[in-house]
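K.L.:
The amino acid sequence is not available; the structure is as follows:
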C-alpha cells in the first residue's frame, strides 16, 4: 500500500510535468508559425510589428514557463520523494521543544527556504523577461521591499492561522475536518473583506477616481444596472509594470472596482465604461458567489479526505515522513493537492471562460459592444497578448476566451 501510493504520486507528478511542457511547446510552436501575419479580424487595429512583439513575448514566456515547471518538479521531488520535508522536520525536532514551537520552526524554515529557492525565478521574470519586452518598471529596491513585506505579512497572518488549524485538528476529535473546513471558509471571507482595506495598500497606493466626467458616466451605468456601487479606485500599478488591467475585489461595504493607472491612460472614457460594465457583469451574474460555492464544496471534500488520511501511517510513510503530526499533515496536503487536482484544470478554465462570456454579454447590453471590442484590442496590444494562441493550449489553461473568439462573440451580441 505504501509503495503503491508513493509511485502513484510520482507517476501523477511526472505526467503533470510532461503535459505542461508539451502544451507549452504546442502553444509556442503554434504562435511562432503565425507571427508573420496579423489575423484578418485585427489587421486594421494592430500593426505587424506589435503582432510580432506579442508572438515573441509569448514564445519567451512559454520557454520560461517550461524551465520554471521543471524546476518546481525538481523541488517537489526533493521535498516529497527524497524526504526533504522529513529532513527539515527532524531538524526542527532536534531543538527538543514542544509541538507548537516545533511546528512554527518547521513552517517558518520551509517558507523561508521556499522563498529563497524562488528568488532566481522571480528575479529573472521581473528583470530579464519583463524588462526585455519593456514591461518592467520595478526597481531592485522596490523588489526587495516587496519581498520583505510579503514575508512579514505571511508571518503575521499565516502563523496564527496555521496554529488555529493545528489546534482544531488536535482537539476536536474525528470530526475535526468539518470544523477545520468551516474555519478556513470563514478565514477566506475575512481575508476577502480585509485584503482591499488593509493588505493591498501595503504594496500599492489607491486613490479615488477623480475624473468627474468619467465618474458621472460610471454613475449612469450604476443606475442602468440598479447597482449602488460608489467605490472606484485607481491603483498605481505603473510603479511595477506597464501592463494594464482592472479588477473587482472585496464584498459588502468593502467591495470596490480597481483600475490600474496604466489602463486609464490607454483607454477612452467609453471604453473604460465598457470594461467596467464587464467587471460589474461578474457581480450581477453572481459569478463570485457561484465560484465561492464551488470552492466551498471542494474545501470540505478536501478536508474530509485529509481527515481520513490524518491518522493513517501509510499517508506519512508513503511520502517519506517519519513522524506523523498535525503540521506535517497540513504541509503534505498543501504539496499533494495540486498534483491530484491537476486533471481538473481544463474544467476550471472552461467554467471561467463561460463566466467571461456572460460578463461580456452583460457589458454589451448595458454599455457598448463596439467600445468593449475597442478596449480589448488596445489591451491585447498594450499587454502584448497573443492573438493566435493554440486552441489546445487555450482550452486547457485560458481563464478568458482567446482574442478572436471573444471578439466574435461580442459582435454576435451587438
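P.N.:
Sure, I can see it. This is a predicted model, so every value here is computed, not measured.
K.L.:
Surely residue 259 forms part of a strand?
P.N.:
Yes. The assignment for residue 259 by DSSP: H, G, I helix; E, B strand; the rest coil puts it in a strand.
K.L.:
so what pLDDT did the closest residue to it other than its chain neighbours get?
P.N.:
Leaving aside its sequence neighbours, residue 259 sits nearest to residue 246 (Cβ to Cβ, 6 or more residues apart in numbering; 4.9 Å). In short, each C-beta sits where N, CA and C put it, glycine included. Reading off the confidence values, residue 246 has pLDDT 78.
K.L.:
Residue 246: how many residues sit nearby?
P.N.:
Using other Cβ atoms under 10 Å, residue 246 has 21 other residues around it.
K.L.:
residue ranges of the strands in the chain, please?
P.N.:
Using DSSP state E, the strands of the chain run over residues 206-208, 232-235, 246-249, 256-260.
K.L.:
Show me what the first one is packed up against.
P.N.:
Spelled out, it's strand 206-208. The elements that strand 206-208 packs onto, with contact taken as 3 or more Cβ pairs under 8 Å, 6 or more residues apart in numbering; DSSP states H and E, are strand 232-235.
K.L.:
Report the mean confidence score over the strand it packs on.
P.N.:
The predicted model assigns strand 232-235 a mean pLDDT of 87.
K.L.:
Equivalent analysis for stretch 154-161, please.
P.N.:
Averaged over stretch 154-161, pLDDT sits at 92.
K.L.:
From residue 102, how far out is the residue sitting furthest away from the middle of the chain?
P.N.:
For the chain, the largest distance from the centre (Cα atoms, centre = their mean) belongs to residue 96, which lies 38.4 Å off. Residue 96 sits 9 Å away from residue 102, going by Cβ to Cβ, to the nearest Å.
K.L.:
what pLDDT does the residue lying closest to residue 55 once chain neighbours are set aside get?
P.N.:
The shortest distance from residue 55 to any non-neighbouring residue, by Cβ to Cβ, 6+ apart, is to residue 35 (3.5 Å). With respect to pLDDT, residue 35 scores 96.
K.L.:
My read is that residue 35 contacts residue 50, right?
P.N.:
No. Between residue 35 and residue 50 there is no contact under Cβ atoms under 8 Å: 11.2 Å.
K.L.:
residue ranges for the helices of the stretch 151-300 of the chain, please.
P.N.:
Remark: helices assigned in the stretch 151-300 of the chain by DSSP state H, counting those that start in this stretch are 176-194, 212-224, 261-266, 269-284, 287-310.
K.L.:
now the longest one and helix 176-194, what's the angle there?
P.N.:
This points to helix 287-310. Orientation check (axes from the mean of the first three to the mean of the last three Cα atoms, to 10 degrees): helix 287-310 against helix 176-194 gives 150 degrees.
K.L.:
now helix 287-310: how far from the chain's centre is it?
P.N.:
Computed by Cα atoms, centre = their mean, to the nearest Å, the chain-centroid distance of helix 287-310 equals 18 Å.
K.L.:
got it, and the second one?
P.N.:
In terms of Cα atoms, centre = their mean, the centre of helix 212-224 is set 30 Å apart from its chain centre.
K.L.:
Then the third one?
P.N.:
Counting by Cα atoms, centre = their mean, helix 261-266 is centred 22 Å from the centre of its parent chain.
K.L.:
State the mean pLDDT of it.
P.N.:
Helix 261-266 comes out at a mean pLDDT of 89.
K.L.:
Now do that helix: everything it contacts.
P.N.:
Helix 261-266 has contacts (Cβ atoms under 8 Å, 6 or more residues apart in numbering) with 211, 234-238, 241-246, 272, 275, 378-379, 382.
K.L.:
Kindly report the same for stretch 302-322.
P.N.:
Surrounding stretch 302-322, the residues in contact under the criterion Cβ under 8 Å, 6+ apart are 1-3, 5-6, 9, 80-83, 85-86, 89-90, 169, 174-178, 180-181, 184, 323-324, 326, 328-330, 332-333, 336-337.
K.L.:
Show the buried residues in the residues you listed.
P.N.:
For the contacts of stretch 302-322, a burial check counting by 16 or more other Cβ atoms under 10 Å picks out 5-6, 9, 80, 83, 85-86, 89, 169, 176-177, 180-181, 184, 326, 328-330, 332-333, 336.
K.L.:
what sits against residue 204?
P.N.:
By Cβ under 8 Å, 6+ apart, the residues touching residue 204 are 235-237, 239.
K.L.:
Can you tell me which of those has the largest number of neighbours?
P.N.:
The residue in the contacts of residue 204 with the most neighbours, by other Cβ under 10 Å, is residue 235 (23 neighbours).
K.L.:
Quick check: the gap between it and residue 398.
P.N.:
Counting by Cβ to Cβ, the gap from residue 235 to residue 398 is 24 Å.
K.L.:
Residue 392 touches residue 23, doesn't it?
P.N.:
Yes. Here residue 392 reaches residue 23: they are 6.9 Å apart, a contact under Cβ under 8 Å.
K.L.:
Neighbour count: those two, which is higher?
P.N.:
With neighbours defined as other Cβ under 10 Å, residue 392 and residue 23 compare such that residue 23 has more, 20 against 14.
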